[in-house]
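**Q** Need coordinates for the below:
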Amino acid sequence: MLKTTALQVMASNYTSLPIATKIEIAKRALMNAQQWQNRAEEVRQLALAATDPLIKNELRDIAYGYERIARLTRKQTQPHDRTKT
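**A** Presented below is the predicted three-dimensional model:
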C-alpha cells in the first residue's frame, strides 16, 4: 500500500499526464482515504473495548494517526486553486 501511495504522489506531480490518468489516480487515492478512515474506526472500537488505560491510549493514538493519513490522502486529491498567490 505504501508503494501504491508513493507512486500516486509521484504521478500527481507530473502535469503532463493525461486527464484520464489523473482522474484514475484521484479515484484510487480517495479509495485509500476511505480505507484509512475505516481502519481508524476499527481501532477506535478496539480502544472502547480495552480495559487497560495504556492500551486504550495507544489505540486512540493509532486511530488518530490513521485519520491523519486519510485527511492527507484526501487533501492530495483536491485540485489546486491556481488563482491564489
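**Q** Could you list the low-pLDDT ranges of the chain?
**A** In the predicted model, the chain carries pLDDT under 70 at residues 1-3, 5-17, 22, 25, 77, 79-85.
**Q** just the helices in it please.
**A** Taking DSSP state H to define them, one finds helices in the chain at 2-12, 19-49, 53-77.
**Q** Does the last one pack against any helices or strands, and if so which?
**A** Using 3 or more CB pairs under 8 Å, 6 or more residues apart in numbering; DSSP states H and E as the contact test, the elements touching helix 53-77 are helix 2-12, helix 19-49. For every residue, glycine as well, the C-beta is placed using N, CA and C.
**Q** ok, now with 6 Å
**A** In terms of contacts (3 or more CB pairs under 6 Å, 6 or more residues apart in numbering; DSSP states H and E), helix 53-77 is packed against helix 19-49.
**Q** In the helix it packs on, which residues are buried?
**A** 22, 25-26, 28-29, 32-33, 36-37, 39-40, 43-44, 47 (16 or more other CB atoms under 10 Å).
**Q** can you pull the contacts of residue 44?
**A** residue 63 (CB atoms under 6 Å, 6 or more residues apart in numbering).
**Q** Let the chain start at 57 from now.
**A** Yep, numbering from 57; the last one is residue 100 now.
**Q** how close does it sit to residue 116?
**A** 7 Å (CB to CB, to the nearest Å).
**Q** Thanks a lot, catch you later.
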